[in-house]
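> Predicted coordinates and the sequence they were generated for:
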Amino acid sequence: MTPPIFIALDFTTEEEAIHFLDRNGLNGVPVKVGMQLFYREGPKLIERLKERDHSIFLDLKLHDIPNTVHQAMKNLARLEVDFVNVHAAGGRRMMEAARQGLEEVTNGHRPRLLAVTQLTSTDQDMLNQELLIDKPIDDVVKSYAKLAQKGGADGVVCSVYEAEQIKQIFEDDFLTVTPGIRLLGDENHDQKRVATPAIAKQKQADYLVIGRSITKVKNPKQAYNRAVKEWNHESSETIN
Ligand SMILES: O=C(O)c1cc(=O)[nH]c(=O)n1[C@@H]1O[C@H](COP(=O)(O)O)[C@@H](O)[C@H]1O
């Protein structure tokens, strides 16, 4: 079975992304396309990745008034990717509009809708001091997750540290997709709520998103295999 690990293709051009996949023998692995690459290459890149049998998470994090998100989602639905996302902070009505847009256009293959709860680059201090949200971050994430479910999302994007609690609240098929993943010893960069693939497995995350720990290292294939191995064998590597 293909491991549920999306490699974040945070490259500037299609050629760089395809070259990366080819050079490292990563054909057919699940990939995430975010704003850096999509704003440059657009839908034709998605077609190319689909032809190459990649599952695709199109991560554009929509956050706007409900009508705009509704219309935008209709266009994204036509790309027939596997996952798309919005910011839960846009509110219930916006998420309902997103879901409606996806349903109006697709017949059969509706992309699953994810809602970003709190970015993994946000920590407790930033939540309190910059966003003026005066609550423990895991409570905020859980509360946004409940809102997301009411708004028709199929799951949330959260950190590994909230995944288990979310699994306890919802049915098994409400998904948790967790970025902020690092292999032991790697730099955290701008990420704050960080965990290894092994911890993600222990905390019952459904999917992992891994970028720089695979894409920016000397031997990406080896890093990818290490992540898969941790995921499969529940190794006990930890990270602070
Ligand atoms: O929605 C996302 O994919 C996302 C949400 C979030 O809270 N944090 C987060 O890092 N991401 C994305 O996941 C990827 C993480 O990349 P690395 O930090 O390089 O592993 C980036 O493409 C981010 O845009």
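On my side now, so go ahead.

> show me the contacts for K50.
Contacts for K50 (Cβ atoms under 8 Å, 6 or more residues apart in numbering) come out as I56, E80, V81. C-beta: built from backbone N, CA, C; applies to glycine.

> Tell me, how many residues neighbour the second one?
The criterion is other Cβ atoms under 10 Å. On that basis, E80 has 17 neighbouring residues.

> That one touches T106, doesn't it?
Yes. Using Cβ atoms under 8 Å, E80 is in contact with T106, at 6.9 Å.

> quick one: low-confidence ranges for the chain?
Low-confidence segments of the chain (pLDDT under 70): 234-240.

> all helices for it, in order.
For the chain, applying DSSP state H gives helices covering 14-23, 35-41, 43-51, 66-77, 92-105, 124-129, 137-150, 160-169, 197-202, 212-215, 220-233.

> Which one, of these, ends up nearest to the ligand?
Of all the helices of the chain, it is helix 212-215 that lies closest to the ligand, at 3.4 Å by Cβ to the nearest ligand atom.

> From the contact counts, what lies against that closest one?
strand 5-8, helix 220-233 (3 or more Cβ pairs under 8 Å, 6 or more residues apart in numbering; DSSP states H and E).

> quick revisit: identify, from the contacts of K50, the entry nearest to L147.
V81 (23.6 Å; Cβ to Cβ).

> distance of whichever residue of the chain sits closest to the ligand from Q36?
Here the residue of the chain nearest the ligand is G211; by Cβ to the nearest ligand atom that distance is 2.5 Å. G211 is 10 Å from Q36, where distance means Cβ to Cβ, to the nearest Å.

> Which phi and psi values does P111 adopt?
phi -60, psi 140 (degrees, to the nearest 10).

> quick one: contacts for it?
L58, L76, A77, L79, E80, V81, D82, F83, V84, L102.

> Those into CSV, with extra columns for distance to L49?
Shown next, in CSV, are those (distance: Cβ to Cβ, whole Å):
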residue, distance to L49
L58, 10
L76, 15
A77, 17
L79, 10
E80, 11
V81, 9
D82, 11
F83, 13
V84, 14
L102, 19
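
> Looking at those residues, state which has the most neighbours.
Neighbour-wise, the contacts of P111 (other Cβ under 10 Å) top out at V84, 25 neighbours.

> So what pairs up with it in the strands?
Per DSSP bridges, the residues bridged to V84 are L58, L113.

> any common contacting residues for G211 and Q36?
D10.

> So if I had to pick from those two, which one is more boxed in?
G211 (20 against 16).

> neighbours around the closest residue to the more buried one other than its chain neighbours, how many?
Distances taken as Cβ to Cβ, 6 or more residues apart in numbering place A8 nearest to G211, at 3.4 Å, with adjacent residues excluded. Around A8 there are 22 other residues, counting by other Cβ under 10 Å.

> Next, count neighbours for E187.
Neighbours around E187, by other Cβ under 10 Å: 11.

> try W231
The burial count for W231: 20, using other Cβ under 10 Å.

> who are the neighbours in contact with it?
Applying Cβ under 8 Å, 6+ apart, the residues near W231 are P3, P4, I5, P197, A198, A200, K201, L208.

> Identify the residue spatially nearest to it, adjacent ones excluded.
W231 sits nearest to P197 (Cβ to Cβ, 6+ apart), 4.8 Å away.

> Output the helices and strands packed on helix 212-215 in a markdown table; the columns should cover distance to the ligand.
Compiled in a markdown table, the helices and strands packed on helix 212-215 are given as follows (distance: least, Cβ to the nearest ligand atom, whole Å):
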| stretch | distance to the ligand |
| --- | --- |
| strand 5-8 | 4 |
| helix 220-233 | 11 |
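
> Deepest in the core, which of these is it.
Ranked by average neighbour count under the criterion mean count of other Cβ atoms under 10 Å, these are headed by strand 5-8 at a mean of 24.
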